[in-house]
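Here you go, sequence then predicted model.
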Amino acid sequence: MIKKRTVKKRMARKTRPTTKKRSYLAAVVTVPTSGITIVEDDRGRPLLKLRSRLGMNRENFARLVPISVRHLASIEGGQEPTETVQRRLTELRRVVQALSEVIQKDAIGPWLNQPNDAFDGLKPVEVIERGEVDRIWQMIYYLRSGVAF
C-alpha cells in the first residue's frame, strides 16, 4: 500500500506543468520626425536589435551602456532595465540614429571602435564611456551642417 501511494504522488508531480505561461505584450512606437515604427516588447528585443545593428558582442556593448555583461544578458532575456540603464539606452539609440544620418549604417559599429583624431585619438566608444557623448553630438552637428571642424 505504501508503494502505491508513493507512485501516485510521483505521477501527480510529473503531470503538473513545470513552467508558467507568460504573455508578452507588444507596443508599437512611432517616431514622428522620422516616421520609423519600432515594435518593442518586454523581452529586450530592441536592445538586441541595436546591439546586432552595431555588430558588437555583449562585452563591448555593455561597456557603452555601462552595465555588466550578465546584466545585459538578463535584460535581453526579458528583465526590466533600471531607470538609469533605460536612460542610457535611449541616449545610445538617439546617437546611433543621428550617426546613421551622416555615416553608412553598416559602418557605425566599426567606426565606434576605431581611434579618431577628432577625439584626440580616442575611440568613440571610449568617449561615450567617459561620459563625453556631447563631443560626438558636436561632431554630428558639424557633419550635418557641412562645416569643417
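Cool, got the structure. None of the values given here were measured: they were computed from a predicted structure.

Return the longest helix in this structure, judged by number of residues.
Taking DSSP state H as the criterion, the chain has its longest helix at helix 83-102.

ok, residues contacting it?
With contacts defined as CB atoms under 8 Å, 6 or more residues apart in numbering, helix 83-102 is touched by 34, 46-47, 50, 53-54, 64-67, 71, 75, 81, 108, 111, 128, 133, 136-137, 140, 143-144. To be clear about C-beta, it is placed using only N, CA and C from the backbone, and glycine gets the same treatment.

the strands in this protein, which residues?
26-30, 37-41 (DSSP state E).

low-scoring stretches of this structure, by residue?
Applying pLDDT under 70 to the chain picks out residues 1-45, 148-149.

which residues of it fall in helices?
2-15, 45-54, 58-64, 69-76, 83-102, 108-112, 124-129, 133-145.

Could you look over those and pick the most buried one?
helix 124-129 (a mean of 19; mean count of other CB atoms under 10 Å).

Show me what it is packed against.
The helices and strands touching helix 124-129, judged by 3 or more CB pairs under 8 Å, 6 or more residues apart in numbering; DSSP states H and E, are helix 58-64, helix 108-112, helix 133-145.
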